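Asks: Here is a sequence with its predicted model. Questions after.
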Amino acid sequence: MIKKILLSLLVLLAHLPIYSQMLFSENLTLDIDSTKTIQGTLLPVLDFKTEKENVLTLKNTANLNLLIKHKRVINLINKLEFSTYGKKVTVSGGYVHVEYRYLLSRAFEVYPYAESQWAESRGMEYKISTGLLSRYRIINKEKYLMFASAGMFYEFEKWEDPTPNAVHHMFIVVA
């Protein structure tokens with residue numbers, strides 16, 4: 001009975017249109033080491049040059065995990081790029097992604113997340129999204145992993161013209 005309900009739900013969801021662009025933090029996170037409370041990388045870069053005009057470049061990339069009581073992880077991922085040539089901003093963009101992972105069992109976890117992206121030099125003033133995701137580890141081998149995942153999220157985008165209105169999306173995703 002439960003299998004029929006799940007199959008029916010999957011068939012129904014397969015016919016719903018889904019449009020989205022979000023970061024998949026699984027590609028960015030580290031393997032979480034249960035012996036370390038804080039782990040990850042933080043790579044700031046500040047470059048200032050005097051040419052015909054002053055050139056300022058600021059970059060930061062971070063991927064940090066904070067382990068709490070061996071079952072919870074706060075994960076912070078960010079990338080920031082900002083460049084100026086004189087008083088003109090030539091590049092301004094990046095993202096910030098934070099999630100709170102809670103391991104319910106050895107193979108199952110849930111995690112709410114929030115993220116913000118911006119790319120002013122490409123016309124995106126900002127984008128925010130938030131959601132609640134869950135995933136179940138089906139295969140856990142040394143050379144590969146496989147997960148089943150389900151969740152829902154909301155996103156809001158604000159673009160410069162010519163887009164007349166901001167875009168709002170609410171999604172339920174099963175992967």
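Replies: Structure received. In this text the structure is predicted, and so the values were computed from the model without any measurement.

Asks: Could you give the bridge partners of residue 57?
Replies: residue 47, residue 83 (DSSP bridges).

Asks: ok, it - contacts?
Replies: Counting by CB atoms under 8 Å, 6 or more residues apart in numbering, residue 57 makes contact with 45-48, 82-83. From N, CA and C alone the C-beta is placed, and that goes for glycine too.

Asks: Select only the buried ones of those residues in PyMOL?
Replies: Buried residues among those (16 or more other CB atoms under 10 Å), as a PyMOL selection:
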select buried, resi 82+83
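
Asks: what's the farthest-apart pair in the contacts of residue 57?
Replies: 48 and 82 (12.2 Å; CB to CB).

Asks: what ranges do the strands span in this protein?
Replies: With DSSP state E as the criterion, the chain has strands at 38-50, 54-68, 72-85, 88-103, 108-119, 124-140, 145-159, 167-174.

Asks: still on that earlier bit, quick one: the contacts of residue 57 as TSV, columns for pLDDT and distance to residue 132 too.
Replies: Formatted as TSV, the contacts of residue 57 follow (pLDDT from 0 to 100; distance: CB to CB, whole Å):
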residue	pLDDT	distance to residue 132
45	92	34
46	91	37
47	90	39
48	90	42
82	88	32
83	91	36
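
Asks: List just the nearest of the contacts of residue 57 to residue 154.
Replies: Using CB to CB, the contacts of residue 57 come closest to residue 154 at residue 82, 27.5 Å.

Asks: Now for the closest one: which residues touch it?
Replies: Contacts of residue 82 (CB under 8 Å, 6+ apart): 56-59, 89, 91-92, 94.

Asks: One more pass at 6 Å, please.
Replies: For residue 82, the contacting residues are 58, 92, by CB atoms under 6 Å, 6 or more residues apart in numbering.

Asks: any idea how far residue 81 is from residue 72?
Replies: 31 Å (CB to CB, to the nearest Å).
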